[in-house]
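Colleague: structure for the following, please:
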Amino acid sequence: MHTNTRLVLVVDDDVDTAMMLSALLRHLGHAVECVTQPEAALDRAKRLRPRLVFLDIRLPGTSGWELAPLIRDELGGDAVRIVALSGWGNAEHRRRSREAGFDAHVEKPVDIELLRSILTQIE
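Modeller: Next up, the predicted model:
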């Protein structure tokens, strides 16, 4: 394992997207858990206590914007970094992500170089 290995939680109801991002993160040397059922995301985060969460914005039932502050509160604020995953990337969506407490907002599909940059910035 790499010395910068961290546990990453990927939350996306689109199984293909979740599996692709998980594979990229594993390729970059991280341990990854994946949740494709949004209602299980908070419980999984509580149990795993990941250092980093990639969280889809558009989830059935509750949005990532609603879920992010709950995860952050549960895991202790600065103990976790949360990255918004979205097909939406205009200024309004980015603003809402910042207000919900996300540390970054990236558009799908996630480019591997952008992913590396985010991982470097979020230490």
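
Colleague: and the strands in the protein, which stretches?
Modeller: For the chain, the strands defined by DSSP state E cover 7-11, 31-35, 52-56, 81-86, 104-107.

Colleague: could you dump these to a markdown table with mean neighbour count, distance to residue 98 and mean pLDDT?
Modeller: Every C-beta, even on glycine, is put in place using the N, C-alpha and C of the backbone. As requested, these are exported to a markdown table (neighbours: other Cβ atoms under 10 Å; distance: least, Cβ to Cβ, whole Å; pLDDT from 0 to 100):
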| stretch | mean neighbour count | distance to residue 98 | mean pLDDT |
| --- | --- | --- | --- |
| strand 7-11 | 23 | 19 | 96 |
| strand 31-35 | 18 | 23 | 96 |
| strand 52-56 | 26 | 14 | 97 |
| strand 81-86 | 24 | 9 | 95 |
| strand 104-107 | 18 | 8 | 92 |
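
Colleague: distance to residue 114 for the ones you listed - can I get that in a markdown table?
Modeller: Shown next, in a markdown table, are the strands of the chain (distance: least, Cβ to Cβ, whole Å):
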| stretch | distance to residue 114 |
| --- | --- |
| strand 7-11 | 15 |
| strand 31-35 | 17 |
| strand 52-56 | 12 |
| strand 81-86 | 10 |
| strand 104-107 | 6 |
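
Colleague: need the helices for the protein, in chain order.
Modeller: Assigned by DSSP state H, the chain shows helices spanning 15-27, 41-48, 64-75, 91-100, 112-121.

Colleague: just say which of these is most tucked in.
Modeller: helix 64-75 (a mean of 19; mean count of other Cβ atoms under 10 Å).
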